[in-house]
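Enquirer: build me a model from this:
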Amino acid sequence: MTHTLKLAFAVLLIALGPQAARAEPVADFPSRPIRFIAPIPAGGSTDVLTRDIARRLQERWGQPTLVENKPGGAGSMGAAMVARAPADGYTLLLVNVGHAINGHVYSKLAYDPVKDFTPVVHATTIAMGLFVNPSVPAKSLAEFMALARAKPGGFSFATSGNGGAGHLGGESFKAATGIDMVHVPYRGSAPAIADVVAGQVQVSFADVPLAAPHVKSGALRPLALAAPRRSPTLPDVPTFAESGVANQELSVWVGFLAPAGTPREIVDKLNREIVAIIREPAMTARLIGLGFEVVASSPDAFAQTIQTDYERFGVIVRSARIKAE
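Expert: Below is the predicted model of the structure:
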């Protein structure tokens, strides 16, 4: 290659950006370690899911696959790291439904939740529901609504924090029914549900895996699930729709994103591998045991889910004037 051609090629690489210099045939991917950024503390159910997938990818591909926990800012700190990462498929972000909420409840983010990422796979969904302390004299959602209407502001509902999925679920329920309840934000789901079990707060919007052990022990009473169908974990609990309150679906989806601009061939390869792992019988059984519903979607289907929820949550946040702490 002549000096002139070398110079022209270098100029072309600069014009195309760093992604061009990193391009590799999809057949060679991955040729080095992959990182999963989990913007949550270690040890929770979604962290376990990510580590299980990373372990199986490492076994299938023979490349180190690492999980790095980067909690903070309701997931926004880890998301910012991945948004700035090279768009080559070697850095992935674990996300849940809070990713579609953060853009509305935080006045400033270092990234755009939709434009700065490429969806890879919607892995699983976790159902959420309305749970009460057994001291509340309501055995159904209709009975609870009657009690709440008779005493406006007389009930408080605990959630994982301002702007979380539980908070949006409670505000959506209030708007749909005209019920007045007081929001009590906690720093995490575990302390919120613990205070409802202890009777310090009467009500909680919480996810099924967290609440189910307390339901089975009799420490919590489930009234309705914010899901399109009943949960295998709590099959006797009706949905909001079955209980006469429509449009209250607020399941917590869990999935993985790559930086925007990641080549579609790489995204599709990641999707195929992760979907195959999730659908392994042993993995499926493990996820169901943790309270997950297996989804294993295409990248395009996940993109539509994120966009739909981003727009829907924006309406709820603006209506209830929710701001993150």
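Enquirer: and the helix or strand containing Glu273, what does it pack onto?
Expert: Using DSSP states H and E, Glu273 maps to helix 264-278. Helices and strands touching helix 264-278, by 3 or more Cβ pairs under 8 Å, 6 or more residues apart in numbering; DSSP states H and E, are helix 45-61, strand 117-126, strand 252-259, helix 281-289, helix 299-320. In this view, the C-beta of every residue, glycine as well, is placed from N, C-alpha and C.
Enquirer: of all these, which one is nearest Val26?
Expert: Taking Cβ to Cβ, helix 45-61 is the member of the helices and strands packed on helix 264-278 nearest to Val26, at 12.8 Å.
Enquirer: quick one: strands adjacent to the helix or strand following the closest one?
Expert: Remark: after helix 45-61, the chain's next helix or strand is strand 65-69, criterion DSSP H and E. The strands that strand 65-69 pairs with in its sheet are strand 34-38 (parallel) (by DSSP bridges).
Enquirer: if you average pLDDT over the strand it pairs with, what comes out?
Expert: Taken as a whole, strand 34-38 has a mean pLDDT of 97.
Enquirer: quick one: it to chain centroid distance?
Expert: For strand 34-38, the separation from the chain centroid amounts to 16 Å (computed by Cα atoms, centre = their mean, to the nearest Å).
Enquirer: what's it in contact with?
Expert: Strand 34-38 is contacted by residues 46-47, 50, 53-54, 57, 63-70, 78, 81-82, 89-94, 256 when judged by Cβ atoms under 8 Å, 6 or more residues apart in numbering.
Enquirer: that strand vs helix 45-61, what angle?
Expert: Interaxial angle, strand 34-38 versus helix 45-61 (axes from the mean of the first three to the mean of the last three Cα atoms, to 10 degrees): 170 degrees.
Enquirer: got the angle for strand 34-38 vs strand 252-259?
Expert: Relative orientation of strand 34-38 versus strand 252-259 (the same axes, to 10 degrees): 140 degrees.
Enquirer: coming back round to it: nearest to Pro222, of the helices and strands packed on helix 264-278?
Expert: Across those, Pro222 has its closest neighbour in strand 117-126 (14.5 Å, Cβ to Cβ).
Enquirer: off-centre distance for that closest one?
Expert: Relative to its parent chain, strand 117-126 has a centroid offset of 8 Å by Cα atoms, centre = their mean.
Enquirer: quick one, domains of this protein?
Expert: 26-125+252-320, 128-225 (automatic domain parsing).
Enquirer: so for Gly178, which of the helices and strands packed on helix 264-278 sits nearest?
Expert: Taking Cβ to Cβ as the criterion, Gly178 comes closest to helix 299-320 out of the helices and strands packed on helix 264-278, the separation being 13.3 Å.
Enquirer: coming back round to it: contacts for the helix holding Glu273, please.
Expert: Residues from elsewhere that reach helix 264-278 (Cβ under 8 Å, 6+ apart): 26, 29, 52-53, 56-57, 60-61, 88-89, 92, 118-121, 123-124, 256, 258, 283-284, 287, 294, 296, 298-299.
Enquirer: quick check: pLDDT value at Met8.
Expert: One thing to correct before we go on: residue 8 is Ala, not Met. 43.
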